[in-house]
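In: Quick one, what's the 3D model for this:
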Amino acid sequence: MSTRLFISHSWSYSERYNAMVNLLNNRPYFNFTNYSVPETKAFGPMARYKMEEELRSQIRPVNCVIIIGGMWANHSDWIKFEMDFANSINKPVLGVRPRGAQVMPVAVAQASDLVVNWNSDSIVAGIRQIT
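Out: A predicted model of the protein is given here:
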């Protein structure tokens with residue numbers, strides 16, 4: 001069975017997103033379907049309401065939303081929108097503390113059902129725990 005995931009990211013900060021996808025792809029005994037749109041499939045500029053609906057359509061079918069913590073998360077309206085929408089429809093949110101990070105943004109910690117460290121075993125165990 002494949003776990004449906006939305007992995008929050010910014011196309012301007014794709015390194016951590018790509019690292020997360022690679023980490024999960026290489027984790028044995030864990031299959032997932034990625035519902036988030038990577039930078040390589042970026043769509044063009046659109047009105048805010050259309051972008052919100054696009055994000056809702058990516059989040060609605062998933063089993064879990066992953067938010068990669070990083071201080072930039074405090075400055076992104078879209079990450080806040082994603083967390084708020086996930087919480088509003090009772091989708092579990094897993095906060096992931098980036099490797100080497102000492103501080104997790106308060107907004108991510110508060111919106112998350114669980115916060116784990118950046119390693120595949122912790123992330124997969126966290127997903128299984130909250131879904």
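In: Output the below-cut-off pLDDT ranges for the protein.
Out: 71-75 (pLDDT under 70).
In: Just give me the neighbour total for residue 18.
Out: Neighbourhood size, residue 18 [other Cβ atoms under 10 Å]: 14. Where you see a C-beta, it was placed from the backbone N, CA and C, and this is true even at glycine.
In: Let me fix that, I meant to ask about residue 52.
Out: With other Cβ under 10 Å as criterion, residue 52 counts 15.
In: pretty sure it contacts residue 82?
Out: No: look at residue 52 against residue 82 with Cβ atoms under 8 Å: they stay out of range, at 9.7 Å.
In: Quick check: the residue of the chain positioned farthest from its centre vs residue 37, distance?
Out: Taking Cα atoms, centre = their mean, the residue of the chain most remote from its mean C-alpha position is residue 47, at 22.3 Å. From residue 47 across to residue 37, the span is 17 Å (Cβ to Cβ, to the nearest Å).
In: now for stretch 1-11, what's the gap between its first and last residues?
Out: 29 Å (Cα to Cα, to the nearest Å).
In: Same question for stretch 25-45.
Out: End to end - Cα to Cα - stretch 25-45 spans 29 Å.
In: how about that stretch: buried residues?
Out: 30, 32, 34-36 (16 or more other Cβ atoms under 10 Å).
In: what do you get for stretch 122-131?
Out: Along stretch 122-131, these residues count as buried under the neighbour rule (16+ other Cβ under 10 Å): 122-124, 126-127, 130.
In: will you turn these into CSV that also has distance to residue 86 and secondary structure?
Out: Converted to CSV, these look like this (distance: Cβ to Cβ, whole Å; DSSP: H, G, I helix; E, B strand; the rest coil):
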residue, distance to residue 86, secondary structure
122, 20, helix
123, 17, helix
124, 19, helix
126, 15, helix
127, 14, helix
130, 11, helix
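In: Closest to residue 10 out of the residues you listed?
Out: The closest of the buried residues of stretch 122-131 to residue 10 turns out to be residue 123 (Cβ to Cβ; 19.2 Å).
In: Sounds good, over and out.
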